[in-house]
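# generate coordinates for the sequence data below:
(4 chains)
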Number of protein chains: 4
Amino acid sequence: MHKIAMLGTGLIGRFYTMSLLNFRGKDEIKVACAANAEDAKNFADEFGIPRWTDDMAAAIRDPEIDTVIIGIPNHLHKKAALLAAEAGKAVLCTKPLATSGPEALEMLEAVEKAGVFHGYLEDLVYTPKTLKALDAANKGALGKVLWARSRETHGGPHSDWFWNKELSGGGAIVDMGCHCIEIARSFIGKDNRPLEVTCWADTQVHPIDAEDHAVGLVRYDSGAIGQFEVSWTFRGGMDLRDEVSGTEGTVWLNHWLRTGFEMFTNVGQGGYVAEKAEGDTGWLFPVGDEIGGLGYVEMFLDMFNSMDAGKAPMETFYDGYIVNTIIDACYKAAETKKWEPVEIQNWRGGSAAGGADTALKDYDAEHYLIKEERMPNGNLKIILKNKQTGEISQVIKE
Amino acid sequence: MHKIAMLGTGLIGRFYTMSLLNFRGKDEIKVACAANAEDAKNFADEFGIPRWTDDMAAAIRDPEIDTVIIGIPNHLHKKAALLAAEAGKAVLCTKPLATSGPEALEMLEAVEKAGVFHGYLEDLVYTPKTLKALDAANKGALGKVLWARSRETHGGPHSDWFWNKELSGGGAIVDMGCHCIEIARSFIGKDNRPLEVTCWADTQVHPIDAEDHAVGLVRYDSGAIGQFEVSWTFRGGMDLRDEVSGTEGTVWLNHWLRTGFEMFTNVGQGGYVAEKAEGDTGWLFPVGDEIGGLGYVEMFLDMFNSMDAGKAPMETFYDGYIVNTIIDACYKAAETKKWEPVEIQNWRGGSAAGGADTALKDYDAEHYLIKEERMPNGNLKIILKNKQTGEISQVIKE
Amino acid sequence: MHKIAMLGTGLIGRFYTMSLLNFRGKDEIKVACAANAEDAKNFADEFGIPRWTDDMAAAIRDPEIDTVIIGIPNHLHKKAALLAAEAGKAVLCTKPLATSGPEALEMLEAVEKAGVFHGYLEDLVYTPKTLKALDAANKGALGKVLWARSRETHGGPHSDWFWNKELSGGGAIVDMGCHCIEIARSFIGKDNRPLEVTCWADTQVHPIDAEDHAVGLVRYDSGAIGQFEVSWTFRGGMDLRDEVSGTEGTVWLNHWLRTGFEMFTNVGQGGYVAEKAEGDTGWLFPVGDEIGGLGYVEMFLDMFNSMDAGKAPMETFYDGYIVNTIIDACYKAAETKKWEPVEIQNWRGGSAAGGADTALKDYDAEHYLIKEERMPNGNLKIILKNKQTGEISQVIKE
Amino acid sequence: MHKIAMLGTGLIGRFYTMSLLNFRGKDEIKVACAANAEDAKNFADEFGIPRWTDDMAAAIRDPEIDTVIIGIPNHLHKKAALLAAEAGKAVLCTKPLATSGPEALEMLEAVEKAGVFHGYLEDLVYTPKTLKALDAANKGALGKVLWARSRETHGGPHSDWFWNKELSGGGAIVDMGCHCIEIARSFIGKDNRPLEVTCWADTQVHPIDAEDHAVGLVRYDSGAIGQFEVSWTFRGGMDLRDEVSGTEGTVWLNHWLRTGFEMFTNVGQGGYVAEKAEGDTGWLFPVGDEIGGLGYVEMFLDMFNSMDAGKAPMETFYDGYIVNTIIDACYKAAETKKWEPVEIQNWRGGSAAGGADTALKDYDAEHYLIKEERMPNGNLKIILKNKQTGEISQVIKE
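Purely as a prediction, here's the structure:
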């Protein structure tokens, strides 16, 4: 049973708080902290949190508190994390971990040096769908993972500060690319080193300095590709999908717009439909359990259970650091128009031989099998490669 | 914080226990009870439940226990509920409430007379999708509800006793019809009296006495129709869908086979895919959060929160009684091949004037509007009815 | 190569004409005929048809014409068909064939007596999806068909006369039930006699005499059930779906609202979206090939190819007669509130032993297999029935 | 009415022939030509084609023939096209037009110099869904197009020669990238110059020299991005999807695996399920009308109608040349690991000022509107930018 200081009372703080207070849970938020005292007070009142403050250091050092949750703007994460490390408190930080790789590294070193529990609140790898798909992938259902696409696009963030590059560290890549990169990395394997990236980023629609649309490819040591697509220009709601291809299988996850809940209404229902929905009449696609479906429930379960068990959670500051480092390479690649290396300072994963190793399947003594397919007339067509000559040929079986 | 006796350690007891023990919750299961002592012991060991027994009365009367959860075969519900009422314990009973309407009525009267808290564990009205759709319907998004279809079909129940009509009280109707009937009733309105039913039921595939496939229509006082489709003969997994039509809108819910999780695997993943999945290679449709998606989480939340708040939960024994009474009428109608009345002893809802009242919309002083539609050539076609003569005509606007 | 008289220039005549004139085809429409001469002229002009008239008999008897297509209101079908038979012309009649079974029988007898080619233009059994699914079913992919649901619902017909029971012969059942009944019958087997029906029908919304919503169940000799759902009260477009369950498989067809074409637009596109679409902004679901997707292309292909080959098409006036007879039974059942027999005068199909024959699968010498299922913990649970005692038991394999 | 020489009797020749012979059409194939005389004869016999040959020049020069369809391996396209131009015949060439941009340019110049009709058989821009979506886009339903993703992935091509880089000109990019590039270009605008590309290509699975998986981004003059994803490593069938995002809307097209046809079968159906389907039991996703759904029907309709009307079809050799040129840039970029320019020799489109022009929407006299969104508590949150200071702020409306 933990006593928590919640730093930040915006949308993310709200989602975190709703996740923690729901479900007749044991853990308790004891202090709410916001930059603005009135916001903190209103939030505390709304959720029955006993204390509130606008003094972040005081909230962190509060003697009753054992866990600090950082849900504040990106440029303030480092300060909060360092204070928490100093105070010896467990610290859970929202995504992205920092506004850059070096900043993230500083945070990682601080919490590790202080020996405090640290969790990276990358909720989207914790959605029940994602966890189950990762489990299937780990059990071999997909064979060797070759490609993972993760996409998050909508009409732009909720909070004003996120539109300001100085405060957020960037645009759509920092905002949602962090999710997509870590989702792809989770499927491709955390032990699999991200080597280099190519990236397109542009400001297509909004009067802002940061990119509002970007696509990037991250190449891993095994030859696998992680692909992210992020946008603040998307129309129609929030598009939140993952697709993974492996040598033996495929996974498609749709987290938001097509989840088995479809509604048409001619009159609307007087309010909120789903996060980032557009319009409230016509065909709508609400989400049954938004909090659970975004991964908050399973994420906090892992965080607190891991804390109690004295082990690291699935996502730590180290993961956040890797993600920030990949993002840094993306911004560079978007500038230089070249593939840029991912410059990780302290890689802790494997050093795979790397490179795509194509699997040679024997068809018979002389041939490798390239592929077989059932044709419209019912025949089976088999494509072969001669082991000696390399010549490609086909055999048809009726 | 409640101390619970779990009666039953089969699949349903397992789901209930997983729901309760998950999420770092406050409420605790203190006794596990099964017909077979070894089953009880194994179950208690698996879930860390401190005590176990094969003596149901002892489990119920255990002084530490304040809440009894009934998750045992249908024909034993009454005995357990009466014991719980006698012992003054809160009692939560799985679905169906009883094997017949009269039996359900006896249970209802017992708990009401004893003044104990009673909840009907009809989980499928508690799925996050269903709750959100009901909320939208209640806010008017669908207008007046005209028709609600609820469908649950799969390859048959998990437990041997359920295939035995003497122990279960029937076949697919008792097993899943209870869900479907209550889901439709929830959309159509609990205050809206179910009047009569027609029903087809047959044993199409299995060597059993009970029906393994049935379809029924329940007509309500407002003119709305609740339609249920239940089967133990379905191939392809578990088909769990609801569809609701109203004068202003439509809702489609898919709870199991198409929820935004699609996987192809050539090799399988070595085990369980989803409840009642068939096969483990090819295209598979796992469910992210099975426990949550079946409504268990929200159901227990409502039960225990209501208990703490001293109010009735959304589903009580009264609802279970209504459902059993409708089921009785269905079995009768399937026999007599006629529409049969639903014979409720103590109707507590409204006595609506009843009958479908068609809404007359004025088009102009002389005409009612029947409908308008955009044609392929872009014209708008309007169908009218003359208020005096009743003559139907059309107007075309370019 | 055929020369056609097109009777009717409303929406159905338009769809038929577009089907025939598309695709650089050989067959030609030589006369357009409408009740109103101006309509006929405009239609002929629009589609480059050489002649037009408001004299139906003249159009039919036109010496150049060898084929008459009937696309006029239901109450006029008989007159047109009898004229065509008398003139010795091939006759293709839109759905429903007639306004009642006896009227349909009269038409059937007329064309058979005259020895002319007759086709029943039941387009929805000719959609490419339906044809492929029927082919799969015929090849055994579904095993024995147990149940077939066909659903067609939208906001009501295009033409004024269809809202008038005197002219159309009824409401939603006559309008769309005819499709649904024949689709289900096609999957269940045309040789399989429809025995009896139960039906609910009501006027829930519109100020009309006919039913605007109905659900019916048709029981066939094999024990299979055909289920139709028709409505003129549906919101959200046109819901056109079929579902078939057999002992070995399942088919789900969605013909209109979810066909892999999804569009969101904030501004609309200035006109037609899809037949019976509601609204033109927000999430829309256009249909790629409406004409093909509704079966018109394959239907006329079968009609003219069969004509040339001197054989009967897939759908003849006999099929139309069966459908009208089932509809008559449905109207009667909706009145009497009992299952009513389907009174076919000249049944040409099989006289199956009938009744559901449950298949007994041996598990071992002493037991029948009822079912097996993979449980969440990975175990395989097997439900058995003792051949001697009938006792039901279970075995669990790890 | 045209008389056609069909060059090539493999899968593509088969699809083309089925498209042309279906639908009681006027146009006729008079000669079938294959590299192997026996193949040509068998093909002619199967489809009732009067003549056959293995002499390509003879087939092209056949005096009865007015139209040559090229459906042979890529490296032979040029020879066939040049012969057809020389013979003054209309020429329709399958995709890709050539094995490289310069080769395509040579073909384009030959047909233009000869003044013969030339069509590029890029079928996938002609699917009914694509045509309708393009029409909506052209009418403004999507606003300004910002991004178009086109994806085609499956288990690899049918024919042996396509696995041989010398004969095909490359791997998955040449095979399917040509489709994807032209689909994206069609949505982004054919007048919109493709400027530069980045591309990842690898041989991940098969023992071949060519790439079996690739992803590329094509940047257009307007700032829009065309994204292609192609693979011969995909498991689960053929994934054929397009997604388009614009400032006002979104389009999602699924052409193959999710088109409203879903089937589960425990026993299979003894043969072909759909092009490139994997397996024939379990959940299957057949396609109703494969020929139509791949665009062949509408493509030939446009080709022959345009020929008759004396105008260019939607897709000409010029389009094929642009596509080949983009592909060349992709291969180069995959090598150099840099964005590479698209080197078009004779650009015929517009010279847009280029660059993304962000649209400034006024909120009030002092502010631009960045975005507005409905929050979970029902409030409307509005993000603004001060016109003078550039400061970003938010306003909340209840």
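
# drop to CA atoms for contacts and neighbour counts, all remaining ones
Fine.

# in three-state terms, label the nearest residue to residue A:284 once chain neighbours are set aside for me.
In space, and not counting its chain neighbours, residue A:284 is closest to residue A:263: 5.1 Å by Cα to Cα, 6 or more residues apart in numbering or on different chains. Secondary structure assignment for residue A:263 (DSSP: H, G, I helix; E, B strand; the rest coil): strand.

# who's in contact with residue A:263?
A:282-286, B:249-252 (Cα atoms under 8 Å, 6 or more residues apart in numbering or on different chains).

# would you reformat those as CSV and include distance to residue B:145 and pLDDT?
Formatted as CSV, the contacts of residue A:263 follow (distance: Cα to Cα, whole Å; pLDDT from 0 to 100):
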residue, distance to residue B:145, pLDDT
A:282, 17, 93
A:283, 17, 94
A:284, 18, 94
A:285, 19, 95
A:286, 19, 94
B:249, 9, 96
B:250, 9, 97
B:251, 10, 97
B:252, 13, 98
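
# list the buried ones in stretch A:101-121?
For stretch A:101-121, burial by neighbour count (16 or more other Cα atoms under 10 Å in any protein chain shown) applies to A:101-108, A:110-111, A:114, A:116-121.

# how about stretch A:371-378?
Buried-residue list, stretch A:371-378, by 16+ other Cα under 10 Å: A:371-375.

# mean confidence score for it?
For stretch A:371-378, mean pLDDT is 76.

# kindly report the same for stretch A:147-160.
pLDDT averaged over stretch A:147-160 gives 92.

# does chain C sit close to that stretch?
No - using Cα under 8 Å from any Cα of the partner chain, stretch A:147-160 never reaches chain C; the gap is at least 12.5 Å.

# can that stretch be said to contact chain D?
Yes - applying Cα under 8 Å from any Cα, one finds stretch A:147-160 touching chain D at A:155-156, A:158-160.

# right, and residue A:4 touches residue A:70 too?
No - under the criterion of Cα atoms under 8 Å, residue A:4 is not in contact with residue A:70, lying 10.5 Å apart.

# out of these two, which sits in the more crowded spot?
residue A:70 (28 against 25; other Cα atoms under 10 Å in any protein chain shown).

# which one is that one nearest to, not counting chain neighbours?
residue A:93 (4.6 Å).

# which SSE is residue A:178 in?
Residue A:178 is part of helix A:178-188 when elements are defined by DSSP states H and E.

# can you tell me what sits against the helix or strand following that helix?
Heading C-terminal from helix A:178-188, the first helix or strand you meet, by DSSP H and E, is strand A:194-202. By Cα under 8 Å, 6+ apart, the residues outside strand A:194-202 that reach it are A:211-221, A:326, A:329-331, A:333-334, A:337-342, D:198, D:356.

# before we move on, what about stretch A:389-396?
Contacts for stretch A:389-396 (Cα under 8 Å, 6+ apart): A:379-386, D:159-161, D:163-164.

# show me which of these are buried.
Buried, going by 16+ other Cα under 10 Å: A:380-386, D:159-161, D:163-164, out of the contacts of stretch A:389-396.

# low-confidence ranges, chain A, go.
Low-confidence regions of chain A, defined by pLDDT under 70, span residues A:24, A:271, A:352-359.

# for it, longest helix please?
helix A:317-336 (DSSP state H).

# name the helices or strands packed onto the following helix or strand past it?
Note on helix A:317-336: by DSSP H and E, the next helix or strand toward the C-terminus is strand A:340-341. Where contact means 3 or more Cα pairs under 8 Å, 6 or more residues apart in numbering or on different chains; DSSP states H and E, strand A:340-341 is packed against strand A:194-202, helix A:317-336.

# the shortest one pairs with which strands, parallel or anti?
Just to be clear, that refers to strand A:194-202. strand A:213-220 (antiparallel), strand A:340-341 (antiparallel) (DSSP bridges).

# which residues does the closest residue to residue A:315 other than its chain neighbours bridge with?
Spatial nearest neighbour of residue A:315, excluding adjacent residues (Cα to Cα, 6+ apart): residue A:120 at 5.2 Å. Counting by DSSP bridges, residue A:120 forms beta bridges with residue A:93.

# doesn't residue A:104 make contact with residue A:120?
No - assessed by Cα under 8 Å, residue A:120 is found out of contact with residue A:104, at 11.1 Å.

# which neighbours do the two have in common?
A:97, A:317, A:320.

# so can I have CSV of these showing neighbour count?
Listed next are those as CSV, based on neighbours: other Cα atoms under 10 Å in any protein chain shown:
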residue, neighbour count
A:97, 35
A:317, 26
A:320, 28
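
# now do the SS call for the residue of the stretch 51-200 of chain A found nearest chain B.
In the stretch 51-200 of chain A, the residue that lies nearest chain B is residue A:129 (3.9 Å; Cα to the nearest Cα). Assigned by three-state DSSP, the conformation of residue A:129 is helix.

# what's the helix holding residue A:178 packed up against?
So helix A:178-188, by 3+ Cα pairs under 8 Å, 6+ apart, packs with helix A:128-138, strand A:145-153, strand A:225-231, helix A:317-336.

# now the angle from that helix to strand A:225-231?
160 degrees (axes from the mean of the first three to the mean of the last three Cα atoms, to 10 degrees).

# and the angle from helix A:178-188 to helix A:317-336?
Using the same axes, to 10 degrees: helix A:178-188 against helix A:317-336 is 110 degrees.

# got the angle for helix A:178-188 vs helix A:128-138?
30 degrees.

# ok, back up a step: tell me which of the buried ones among the contacts of stretch A:389-396 is nearest to chain C?
Closest to chain C, out of all of these and judged by Cα to the nearest Cα, is residue A:380, at 19.2 Å.

# what's the burial count for residue A:31?
Neighbours of residue A:31 (other Cα under 10 Å): 25.

# contacts only, for it.
By Cα under 8 Å, 6+ apart, the neighbours of residue A:31 are A:4-6, A:44, A:49-53, A:59.

# can you give me how far stretch A:193-207 is from the chain middle?
16 Å (Cα atoms, centre = their mean, to the nearest Å).

# let's have the contacts of residue A:31 in TSV, adding secondary structure and distance to residue C:231.
Output for these, formatted as TSV (DSSP: H, G, I helix; E, B strand; the rest coil; distance: Cα to Cα, whole Å):
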residue	secondary structure	distance to residue C:231
A:4	strand	55
A:5	strand	56
A:6	strand	53
A:44	helix	51
A:49	coil	52
A:50	coil	55
A:51	strand	57
A:52	strand	57
A:53	strand	59
A:59	helix	61
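
# circling back: got the contact list for the residue of the stretch 51-200 of chain A closest to chain B?
A:253, B:261, B:287-289 are the contacts of residue A:129 under Cα under 8 Å, 6+ apart.
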